[in-house]
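A.B. asks: generate coordinates for the sequence data below:
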Amino acid sequence: TIAMMRAVLLAVYFLAGATRAAQPPQDIDISFVSVPLCAGNPSADCLECANGPTCPALNSTITFAGGLYMRAPSVPTFGGFSAIRVSSDASSFVAASDEGSLLFAHLVHDAQGRLVGVKGAKIAPLLDPDGKALSEDSARGSDRLSDAEGLAVTNLTDLLSGDLFVSFERIHRVWRYPFGSGGGFSARP
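C.D. replies: Have a look, this model is predicted:
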């Protein structure tokens, strides 16, 4: 039953030593490289241009605004971002990772509106209901609890002022993180 599975899971989690309290968000430096839509045609800005004249455009209003390959080698929980939400004005994003982390950063655009970088990045662990970092699960060699896969936000204007809903793989669940009610990065589901 589900109740028995939860009890076993909590017992295993407790016995594994998940006792460290979550750390505040960490300011991180992200290195990045611009990535074109199509390596063979770096100036392409729409799917039709990138894939050649035989590929019909999916929607003439879709224009490639830029892509970034991002790295933060000094941050072990950086990477594996399965879900990302961009603010309605494209000024910031929030992402959830397979490692049980939440990344927030501001997007940098050039004068033509092309994505050229990120700044002001912060990363923090997602927390369990007891306030413990899910990334601890990942650090012990298991990602059964930490593997975030989906992300929804209730305020696309200011991503961290509403609620965040995070869905997880492996042990399937959706947790609501009440960021907007003062919880911020220390919000518990």
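A.B. asks: the residue nearest to Asp128 when sequence neighbours are not counted and Glu149: what is the separation?
C.D. replies: Distances taken as C-beta to C-beta, 6 or more residues apart in numbering put Leu134 closest to Asp128, at 5.9 Å, once the chain neighbours are dropped. All C-beta atoms are positioned from the backbone trio N, CA, C, and that covers glycine. From Leu134 over to Glu149 the distance is 13 Å, taken as C-beta to C-beta, to the nearest Å.
A.B. asks: what pairs with the longest strand seen in the chain, and is each one parallel or antiparallel?
C.D. replies: Taking DSSP state E as the criterion, the chain has its longest strand at strand 115-125. With DSSP bridges as the test, strand 115-125 is paired with strand 26-28 (antiparallel), strand 101-109 (antiparallel).
A.B. asks: do you know which of these lies nearest Phe185?
C.D. replies: Comparison of those against Phe185 by C-beta to C-beta identifies strand 101-109 as nearest, at 6.9 Å.
A.B. asks: can I get the CA coordinates of the closest one in CSV?
C.D. replies: Output of strand 101-109 as CSV, limited to C-alpha atoms (Å, rounded to 0.1, in the frame of the first residue of the first chain):
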residue,chain,number,x,y,z
SER,A,101,18.6,21.5,-6.9
LEU,A,102,16.8,24.7,-7.8
LEU,A,103,18.6,27.2,-10.0
PHE,A,104,17.6,30.8,-10.5
ALA,A,105,19.3,33.3,-12.7
HIS,A,106,18.8,36.5,-14.7
LEU,A,107,19.0,36.3,-18.5
VAL,A,108,21.2,38.7,-20.5
HIS,A,109,20.1,39.9,-23.9
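A.B. asks: for that strand, which positions count as buried?
C.D. replies: 101-105, 107-108 (16 or more other C-beta atoms under 10 Å).
A.B. asks: and if you look at stretch 151-159?
C.D. replies: Those buried within stretch 151-159 under the rule 16+ other C-beta under 10 Å are 151, 153, 159.
A.B. asks: relative to Gly113, which of those is nearest.
C.D. replies: Closest to Gly113, out of all of the buried residues of stretch 151-159 and judged by C-beta to C-beta, is Leu159, at 19.5 Å.
A.B. asks: so where does that closest one fall, helix or strand?
C.D. replies: Using DSSP states H and E, Leu159 is not contained in any helix or strand.
A.B. asks: tell me the phi and psi of the residue nearest to it when sequence neighbours are not counted?
C.D. replies: Using C-beta to C-beta, 6+ apart and skipping the chain neighbours, the partner closest in space to Leu159 is Val94 (4.7 Å). When read as degrees, to the nearest 10, the backbone of Val94 gives phi -130, psi 140.
A.B. asks: and Val94, how many neighbours?
C.D. replies: Neighbourhood size, Val94 [other C-beta atoms under 10 Å]: 20.
A.B. asks: now the angle from the helix or strand that contains Ala83 to strand 115-125?
C.D. replies: Using DSSP H and E, Ala83 maps to strand 81-86. With axes from the mean of the first three to the mean of the last three C-alpha atoms, to 10 degrees applied, the angle from strand 81-86 to strand 115-125 works out at 120 degrees.
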